[in-house]
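A.B. asks: Pasting the sequence and the predicted coordinates here, then a few questions.
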Amino acid sequence: MKIEVLRIGQRLVRDDRVTTHVALVARGFGASKIFMNEVNPEIKDTLDKVNKSWGSDFQIEFIDDWRKLLKSKKKNSVKIIHLTMYGENINQIQDKIKKEDRVLIVVGAEKVPREVYEQADYNVAVGNQPHSEISALAIVLDRIQDGKQFDIKYDDARLKIVPTEKGKTVIAKND
Ligand code: SAM
């Protein structure tokens, strides 16, 4: 399944750290790309550095108009999954979503406009309690990939972790 993420509504400075973490979760949990407004170009530098050290060609694309992006993705048969506490329970909908080929997962920050709910093919709730776009994204990415995202290996990684019971073992490519 090709998975991309769209982050909307982030506020300058206030949401920078959360937006960086949304991007890190998207990359670390198997999405190939995140779209967001260019509120803080440093987020791209951070993710580029992570890619260089730990591999993958995860991409960040800055966009001006998320409405245009939603429209063009829908036109290209990409299914839109909007994460919202008001949506359908993930437990009920995950098996249906797993059968999709290409999805764009939308996460908000401040109040999400009504049209996102209307444009979405799936409005998905990770429980009906308010929590966070970071946790919601992580859970949904895990549920729709059955944990397989954690078996991905990157040949271009400069650093590789050797999982150990205690301590830290990291192999650098030129060692
Ligand atoms: N109050 C805002 C609203 O009504 O749209 C949402 C604020 S919440 C901090 C930011 C984002 O976290 C939401 O847009 C949604 O993507 C995600 N989120 C929070 N709780 C969620 C839940 N229970 N299920 C799914 N997504 C959730």
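C.D. replies: It's in.
A.B. asks: interface residues of this structure facing the ligand?
C.D. replies: Taking Cβ under 6 Å from any ligand atom as the criterion, the chain approaches the ligand at residues 83-85, 107-109, 111-112, 125-127, 129-133, 136. Quick note: C-beta positions are derived from backbone N, CA and C, even for glycine.
A.B. asks: Among these, which lie within helices?
C.D. replies: Among the residues of the chain next to the ligand, the members falling in helices (DSSP state H) are Glu133, Ala136.
A.B. asks: Could you list which of the residues of the chain next to the ligand belong to strands?
C.D. replies: Among the residues of the chain next to the ligand, the members found in strands (DSSP state E) are Leu83, Thr84, Met85, Val107, Ala125.
A.B. asks: and the residue of the chain nearest the ligand?
C.D. replies: Relative to the ligand, the nearest point of the chain is Gly108 (2.4 Å; Cβ to the nearest ligand atom).
A.B. asks: Could you measure from the residue nearest in space to the middle of the chain over to Asn174?
C.D. replies: For the chain, Ala26 is the residue whose C-alpha lies nearest the centre (Cα atoms, centre = their mean; 3.0 Å). Using Cβ to Cβ, to the nearest Å, Ala26 is found at 29 Å from Asn174.
A.B. asks: Leaving out sequence neighbours, find the closest residue to Lys111.
C.D. replies: Leaving aside its sequence neighbours, Lys111 sits nearest to Gly9 (Cβ to Cβ, 6 or more residues apart in numbering; 7.4 Å).
A.B. asks: Point me to the helix or strand that includes the one you found.
C.D. replies: Assigned by DSSP states H and E, Gly9 belongs to neither a helix nor a strand.
A.B. asks: mind listing what it touches?
C.D. replies: By Cβ atoms under 8 Å, 6 or more residues apart in numbering, the contact set of Gly9 is Gly108, Ala109, Glu110, Lys111, Val112.
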